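[1] can you look at this prediction? I've put the sequence above it.
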Amino acid sequence: MLSVIICTYNRDKYIGNLLESIAANDLDKSHYEIILVDNNCTDHTAEVCRRFSDTHPDVAFRYCVETEQGLSAARNKGINEATGDLLLYVDDDALVDTWYLRTATEFMETHPEVMACGGPILPLYETEEPKWMSPYTKALLTAWMDYGKVVRQYPNGKFPGGGNAAYRATVFQKVGLFNTELGRKGLNLMGSEEKDIFDKMTALGMIFYYLPDMILHHIIPQKKLEQDYFDRLTTQIGISERKRTLAISRAKYGKRLFMEAVKWGGTLVLWLKYLILLKPSKGNKLIAFRIRVSKGLLGLV
């Protein structure tokens, strides 16, 4: 049994279309349930969900509310509500293909040794992609992820995107729930809660796979391409990493600082590359990204 978990906060503009795209999947409806976790929405999310439930009586759909603000708390609510042995998290501002659910389900059924899987996350812009966008800032702002057309284990240090990831339910019995000190809370753009889970899984020897057909189309509005969002997100990445690593140990934090220095070296090389290619806006954006992450990591903001 598959439990599709959607955690949402004020996304009534997108949630209806996402639910419809899931219901249009070719996986037999008796094989999955949809659990929508409303994390204190103040818009028309409840109404949209009620309408979906009324028009799709053949879909096992449950609407529940998590009053503790935060994506991690909402994800944990989904875990507690789910009845399936496979839990699939889908972002609330996305669309999926008709084979999406079947892809994840069939792979996990035939590969019992795999504890989690995910797939490509492709941006679906409401406007146009800005000229300063590079593969690195695209991954940052849109969660873009694409490791090719071959089923494989995730590259070393990489893991499924949080809004496109399926876990065996037993994973959370072994590593615990999502850390509610991490992850987004309302308009706060904290993160690292998925990284925390996958680090714990890796430490226990669990493996997770990339499935090229498990595609999530992530809708990107104009506001996610504006300077204010960029500044807030990059700063919160650094703050999140500081919290996550210090919660483990000072040594872990020290290693993260070392990696930040390594990343600075890579960023400067890329900046020079884009300068030579006469694309300075791409390189300058990467420098701005690194500065804000470093400030958050060092506790300077």
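    Cool, got the structure.
[2] kindly check the end-to-end length of stretch 13-31 for me.
    Using C-alpha to C-alpha, to the nearest Å, one end of stretch 13-31 lies 28 Å from the other.
[3] contact partners of that stretch?
    With C-beta atoms under 8 Å, 6 or more residues apart in numbering as the test, stretch 13-31 has contacts from 1-2, 4, 6, 8, 34, 36, 45, 48-49, 51-52, 56, 58-61, 90, 92-102, 105, 219. Yep, even glycine has a C-beta here, placed from its N, CA and C like the rest.
[4] out of these, list just those in helices.
    Thr45, Val48, Cys49, Arg51, Phe52, Tyr100, Leu101, Arg102, Thr105 (DSSP state H).
[5] for the stretch 101-250 of the chain, which spans come out with low pLDDT?
    183, 185-191 (pLDDT under 70).
[6] same thing but at 80, please
    Within the stretch 101-250 of the chain, the ranges that satisfy pLDDT under 80 run 183-192.
[7] what subset of the contacts of stretch 13-31 is buried?
    2, 4, 6, 8, 34, 36, 45, 48-49, 52, 56, 59-61, 90, 92-97, 100-102, 105, 219 (16 or more other C-beta atoms under 10 Å).
[8] helices of the chain, start to end?
    Using DSSP H, the helices found in the chain span residues 12-23, 45-55, 71-81, 100-110, 135-142, 169-175, 193-203, 227-248, 250-276, 280-297.
[9] please identify the deepest-packed of those helices.
    Most buried of those, by mean neighbour count (mean count of other C-beta atoms under 10 Å): helix 71-81, with a mean of 22.
[10] and of the helices of the chain, who's closest to Leu124?
    Comparing the helices of the chain by their distance to Leu124 (C-beta to C-beta), the top pick is helix 135-142, with 8.9 Å.
[11] what are the phi and psi values at His111?
    Backbone geometry at His111, expressed as degrees, to the nearest 10, gives phi -130, psi 70.
[12] how about the nearest residue to it, chain neighbours excluded?
    Spatial nearest neighbour of His111, chain neighbours left out: Tyr209 (7.2 Å); criterion: C-beta to C-beta, 6 or more residues apart in numbering.
[13] identify the residues contacting the one you found.
    Going by C-beta under 8 Å, 6+ apart, Tyr209 touches Phe107, His111, Val114, Ala116, Cys117, Gly118, Val151, Arg152, Gln153, Tyr154.
[14] ok, so of the residues you listed, who is nearest Phe198?
    In terms of C-beta to C-beta, no member of those lies closer to Phe198 than Ala116, at 7.6 Å.
[15] could you report the neighbour count for that closest one?
    23 (other C-beta atoms under 10 Å).
[16] how many other residues sit next to the nearest residue to it once chain neighbours are set aside?
    The spatial neighbour of Ala116 that comes closest, neighbours along the chain excluded (C-beta to C-beta, 6+ apart), is Phe208 at 3.9 Å. By other C-beta under 10 Å, 21 other residues sit near Phe208.
[17] surely Phe208 meets His111?
    No. With contact defined as C-beta atoms under 8 Å, Phe208 does not count as touching His111 (10.7 Å).
[18] quick one on the thing from earlier: can you list the contacts of Tyr209 in TSV and add distance to Gly266?
    Formatted as TSV, those follow (distance: C-beta to C-beta, whole Å):
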residue	distance to Gly266
Phe107	33
His111	34
Val114	30
Ala116	27
Cys117	28
Gly118	24
Val151	28
Arg152	23
Gln153	23
Tyr154	20
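[19] okay, and which of these map to strands?
    Judged by DSSP state E, the contacts of Tyr209 include Val114, Ala116, Cys117, Gly118, Arg152, Gln153 as members of strands.
[20] are any of the residues you listed buried, and which?
    Buried, going by 16+ other C-beta under 10 Å: Val114, Ala116, Cys117, Gly118, out of those.
[21] many thanks, we can stop here.
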